[in-house]
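> Next come a sequence and a model predicted from it.
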Amino acid sequence: MSELISNKFKEWEKICNERFEKLRENEEKLNCFFIDLYGIGNEISPEVDDRDITVRRAELQREIKSLISYAVGCFFGRYSLDTEGLCFAGGDWDASLYSTIIPCSDNILEINSAESGLAAELTRFIGTVYGDDTLEENLSFISEALGGSGDPRSTVFRYLQKGFFADHTRIYKKRPIYWQFSSGSKGAFRALMYIHRYDSDQLTRLENDHALPHYEQLKNELRTLNESYRNASGTERASLRRSISRMQAVITEMDGFLYRLHELAGQNISLDLDDGVKANYEKLRDILE
């Protein structure tokens, strides 16, 4: 049966509010007890301010971002819709834990298009969990919660491309477990991986199966733009000239990224997570966000 995320949020919000008010009630009862015990009723009040309650109320954007983070965990095998709790954080991989959502096989999800890669996986996740019948309404709800307007898929994609890693890094106190490969500020190429599934062949897979095919796609797009420019009228040419210039800058950035990636891939770099995230991040920092 299809479900609306908006309704599930309302249920969660009700649970959080009840828990919040129950804790406030208990703390105020304790305050009253000690105030009476020590006879200090004229000096302090038993009332507890909201900011002093140690459980949180539900907050829509935070909960939606948390849902997206959980979905990302499912795509990489950290979590599973079929098993409670943490499924993989190193050690032996158990494929039997995953049947509803199968984790990506090569530990790489691109974030370069709203129609493929991580964005497509998230759309599929929402349809699988909450039903295809409510998919569009749920994507609109997620988009609005993220503060977007216009096409919901575009809003979700922009968050995945530019906001997810920043939020993830902040929550994990600059020790992220999902690392974002990045070509640079032009955004020519971005992709995500899960560090607990990293192996020494990871960068070779990234280069051959993701970065190089994406590079060819960008060059094809530039050829199409140049062809359109040759056949365009004067007014159209100005806009196409700007698009060509932007694409040339993106391809230049991609050239540099491919050079750095190829150099690192040839080193067969291993990570030792016992050394900590910060030390390992330095090994790949030339190609990371």
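Happy to help now that I have it. Values in this document were obtained by computation on a predicted structure and should not be read as measured data.

> When you work out contacts or count neighbours from here on, use the C-alpha atoms and nothing else.
Fine.

> Which parts of the helix or strand residue 284 falls within count as buried, going by neighbours?
Take DSSP states H and E as the rule and residue 284 turns out to sit in helix 277-284. Neighbour-count burial for helix 277-284 flags 277, 280-281, 284 (criterion: 16 or more other CA atoms under 10 Å).

> got it, and stretch 8-17?
Buried, per 16+ other CA under 10 Å, within stretch 8-17: 9, 12-13, 16.

> that older thread, could you list the residues in contact with the helix holding residue 284?
175-177, 264, 269, 271-273 (CA atoms under 8 Å, 6 or more residues apart in numbering).

> just to revisit the earlier point, how about the buried residues of stretch 8-17, which pair is most distant?
With distances taken as CA to CA, the most widely separated pair in the buried residues of stretch 8-17 is 9 and 16, at 10.3 Å.

> still on that earlier bit, possible to save the buried residues of helix 277-284 as JSON lines with distance to residue 245 and pLDDT?
Output for the buried residues of helix 277-284, formatted as JSON lines (distance: CA to CA, whole Å; pLDDT from 0 to 100):
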{"residue": "277", "distance to residue 245": "38", "pLDDT": "93"}
{"residue": "280", "distance to residue 245": "36", "pLDDT": "96"}
{"residue": "281", "distance to residue 245": "33", "pLDDT": "96"}
{"residue": "284", "distance to residue 245": "30", "pLDDT": "97"}
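
> could those go into CSV alongside distance to residue 138?
Output for those, formatted as CSV (distance: CA to CA, whole Å):
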residue, distance to residue 138
277, 35
280, 38
281, 35
284, 37
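
> Residue 230: which of those residues is nearest?
residue 284 (41.5 Å).

> rewinding a little: only C-alpha atoms, please: export the helix holding residue 284 in CSV.
In CSV, the C-alpha atoms belonging to helix 277-284 read as follows (Å, rounded to 0.1, in the frame of the first residue of the first chain):
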residue,chain,number,x,y,z
VAL,A,277,39.4,9.2,8.7
LYS,A,278,41.6,12.3,8.7
ALA,A,279,44.8,10.5,7.9
ASN,A,280,43.3,8.4,5.2
TYR,A,281,41.5,11.3,3.6
GLU,A,282,44.9,13.0,3.0
LYS,A,283,45.8,10.1,0.8
LEU,A,284,43.1,10.9,-1.7
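
> The protein: helices as residue ranges?
5-38, 60-76, 117-130, 135-145, 152-158, 164-171, 202-205, 212-231, 234-265, 277-284 (DSSP state H).

> Pull out the buried positions in the longest one.
Okay, so that is helix 5-38. Neighbour count says helix 5-38 has 5, 9, 12-13, 16, 20, 23-24, 27-28, 31-32, 35 buried, by 16+ other CA under 10 Å.

> Then stretch 74-87?
Here stretch 74-87 shows 74-81, 87 as buried, counting by 16+ other CA under 10 Å.

> just curious, which of these is nearest to residue 95?
Looking across the buried residues of stretch 74-87 and measuring by CA to CA, the closest to residue 95 is residue 77, at 9.1 Å.

> Contacts only, for that closest one.
By CA under 8 Å, 6+ apart, the neighbours of residue 77 are 87-88, 98, 102-104.

> hmm, back to that, specify which member of the buried residues of stretch 74-87 is nearest to residue 258.
residue 76 (24.1 Å).

> Please give me every residue in contact with the closest residue to that closest one other than its chain neighbours.
Among residues not flanking residue 76 along the chain, residue 103 sits closest, at 4.9 Å (CA to CA, 6 or more residues apart in numbering). Contacts for residue 103 (CA under 8 Å, 6+ apart) come out as 74-77.

> Tabulate these (CSV), appending pLDDT and distance to residue 198.
Below are the contacts of residue 103 laid out as CSV (pLDDT from 0 to 100; distance: CA to CA, whole Å):
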residue, pLDDT, distance to residue 198
74, 98, 16
75, 98, 14
76, 98, 11
77, 98, 12
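
> Which one of the residues you listed is nearest to residue 67?
For these, the nearest to residue 67 is residue 74 (10.7 Å; CA to CA).

> Would you mind measuring from residue 114 to residue 121?
10 Å (CA to CA, to the nearest Å).

> repeat for residue 100
Distance from residue 100 to residue 121, by CA to CA: 13 Å.

> neighbour-wise, which of the two wins?
residue 121 (21 against 13; other CA atoms under 10 Å).

> Cheers, nothing more for now.
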